[in-house]
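# My questions are about this predicted structure, shown below with the sequence.
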Amino acid sequence: MGRRRQSNYDDPPRFHKKGKVWYHVSGTLPRLWTKLASDRAEALRLWAQRESVPEDDSTKLFSVVARRYVREIFPSKSIQTRKDNDKELANLLKVFAHMPIDAIAPMHVREYMDIRGQAAKVRANREKALLSHIFNKAREWGYTALQNPCQGVKGFKETGRSRYITDEEFDQVKAHAHFTVIDAMDLALLTGQRPADVLKLKRTDIRDGALWIVQNKTGQRLGVEITGELAVVIAKINERPRRAISAYLIQDESGQPLTQFALRSRFDKARTLAKVDFQFRDIRAKAATDTGDLAHSQTLLGHKNRDMTEHYVRKRCGERVKPLR
């Protein structure tokens, strides 16, 4: 019998972390440690590929269903969705892991929402959505024939962000920002991409006169023409003297790529000095609004339908109407 875990109790079997990397550990002697990834969501996907022995699901616990969900459903999702679901599932397992799937009732979901909502209402909504999807899969897989306990349990009302960044505010933050933040802000504005997609941009993504982007959240692929201000920004980045150069466009003096944590901390510092309160993610909405063309905005942001873009833009600037007379 294997040793009891000292941490990460809800992790699937033969899935262990050593340092900053996750490994698949064989169940036979001698133990074979196979490196998976440093990103937990990606490591779980690779772990699922390696696991060929079906799990004993006779107990029909939520944790058993959740592990099958990770094995079979996670790989079909985008990288960003897997990361989000991984965090959400960790919270769900803290409460429901050892409950039989048939024992989870609407009252338990309501209690979970009420307690979780005290700290994070939006996250509570996302976690309920994941719980609902897992339960629906449990019904499909034959673990239960009961009605989904999330049905009829109301989530919390969400209000989307309506912050529009003026040109003056944008420039004020840039005036106090580290050059890596300036580069990230400029690329985010000119390409209309999310922070994570901006940070992963590489020099090799520049091909045939365009900057090619694959969005983490949707998997949407688009090429932004390198003309006008974008061409100037990329040239400035490439010409900046450094002690070392890496493959990434956003990098520090030593050639190290800028992490999301570093971007957040440096941006917050510049924002505080500038006495401006917008968030980095609001830059994407500014890009959509400033084009003045919904069709252009829809293509730039990678939205699947025009309605989504219209809602996105109108919420930020409002809708312009004519007076009565």
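On my side now, so go ahead.
# Do a quick rundown of the strands in this structure.
Ranges of strands in the chain, per DSSP state E, are 15-18, 21-25, 33-37, 206-207, 210-214, 221-225.
# As a markdown table, the ones you listed with mean neighbour count and mean pLDDT would be great.
No exception for glycine: its C-beta is placed from N, CA and C like everyone else's. Conversion of those to a markdown table gives the following (neighbours: other Cβ atoms under 10 Å; pLDDT from 0 to 100):
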| stretch | mean neighbour count | mean pLDDT |
| --- | --- | --- |
| strand 15-18 | 16 | 86 |
| strand 21-25 | 18 | 88 |
| strand 33-37 | 15 | 87 |
| strand 206-207 | 13 | 94 |
| strand 210-214 | 18 | 92 |
| strand 221-225 | 14 | 90 |
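# ok, now which ones touch the spatially most central residue of the chain?
What sits nearest the mean C-alpha location of the chain, by Cα atoms, centre = their mean, is residue 80, with 3.7 Å. The contact partners of residue 80, taken as Cβ atoms under 8 Å, 6 or more residues apart in numbering, are 196, 216, 217.
# who are the neighbours in contact with the residue lying closest to residue 178 once chain neighbours are set aside?
In space, residue 178 comes closest to residue 266 once its chain neighbours are excluded; the distance is 4.8 Å by Cβ to Cβ, 6 or more residues apart in numbering. Residue 266 is in contact with 177, 178, 180, 181, counting by Cβ under 8 Å, 6+ apart.
# who wins for most neighbours among these?
Counting neighbours by other Cβ atoms under 10 Å, residue 181 comes out on top of those with 25 neighbours.
# ok, that one touching residue 271?
No - look at residue 181 against residue 271 with Cβ atoms under 8 Å: they stay out of range, at 9.5 Å.
# What pLDDT is listed against the nearest residue to residue 236 once chain neighbours are set aside?
Nearest residue to residue 236, sequence neighbours excluded (Cβ to Cβ, 6+ apart): residue 183, at 8.0 Å. Residue 183 carries a pLDDT value of 96.
# if I read this right, residue 81 contacts residue 217, doesn't it?
Yes - at 6.8 Å, residue 81 counts as touching residue 217 under the criterion of Cβ under 8 Å.
# Can you measure across stretch 249-261, start residue to end residue?
17 Å (Cα to Cα, to the nearest Å).
# Tell me the buried residues in it?
Burial within stretch 249-261, assessed by neighbour count using 16 or more other Cβ atoms under 10 Å, is assigned to 249, 250, 251, 252, 257, 258.
# And stretch 109-125, by the same measure?
Result for stretch 109-125 [16+ other Cβ under 10 Å]: buried residues 109, 110, 112, 113, 116, 117, 123, 124, 125.
# Serialize those to a markdown table and add fields for distance to residue 136.
Formatted as a markdown table, the buried residues of stretch 109-125 follow (distance: Cβ to Cβ, whole Å):
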| residue | distance to residue 136 |
| --- | --- |
| 109 | 14 |
| 110 | 19 |
| 112 | 17 |
| 113 | 18 |
| 116 | 20 |
| 117 | 22 |
| 123 | 20 |
| 124 | 19 |
| 125 | 17 |
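# Those: which two are farthest apart?
Farthest pair in those (Cβ to Cβ) is 110 and 123. Separation: 16.3 Å.
# and the closest residue to residue 27 other than its chain neighbours, how many residues sit next to it?
Once flanking residues are discounted, residue 27 sits nearest to residue 14: 5.9 Å by Cβ to Cβ, 6+ apart. Applying other Cβ under 10 Å, we find 17 other residues in the vicinity of residue 14.
# Check what pLDDT residue 14 gets.
pLDDT, residue 14: 83.
# so it makes contact with residue 26?
Yes - counting by Cβ under 8 Å, residue 14 touches residue 26, with 7.0 Å between them.
# Name the residues linked to the nearest residue to residue 18 once chain neighbours are set aside by a beta bridge.
In this structure, residue 18 finds its nearest non-sequential neighbour in residue 33, 7.4 Å apart by Cβ to Cβ, 6+ apart. With DSSP bridges as the criterion, residue 33 is bridged to residue 25.
# Show me the shaky parts of this structure.
1-10, 52-59, 160, 292-294, 299, 302, 304-305, 307-322, 324-325 (pLDDT under 70).
# Which helix runs longest in it?
The longest helix of the chain (DSSP state H) is helix 121-140.
# what comes up buried for that helix?
Neighbour-count burial for helix 121-140 [16+ other Cβ under 10 Å]: 123-128, 130-132, 134-135, 137-138.
# now do stretch 185-198
185-195, 197-198.
# Next: stretch 166-174.
Buried, per 16+ other Cβ under 10 Å, within stretch 166-174: 169, 170, 172, 173.
# distance of the nearest residue to residue 251 once chain neighbours are set aside from residue 218?
Excluding the flanking residues, the one nearest residue 251 by Cβ to Cβ, 6+ apart is residue 257, at 5.3 Å. Distance, residue 257 to residue 218, using Cβ to Cβ, to the nearest Å: 22 Å.
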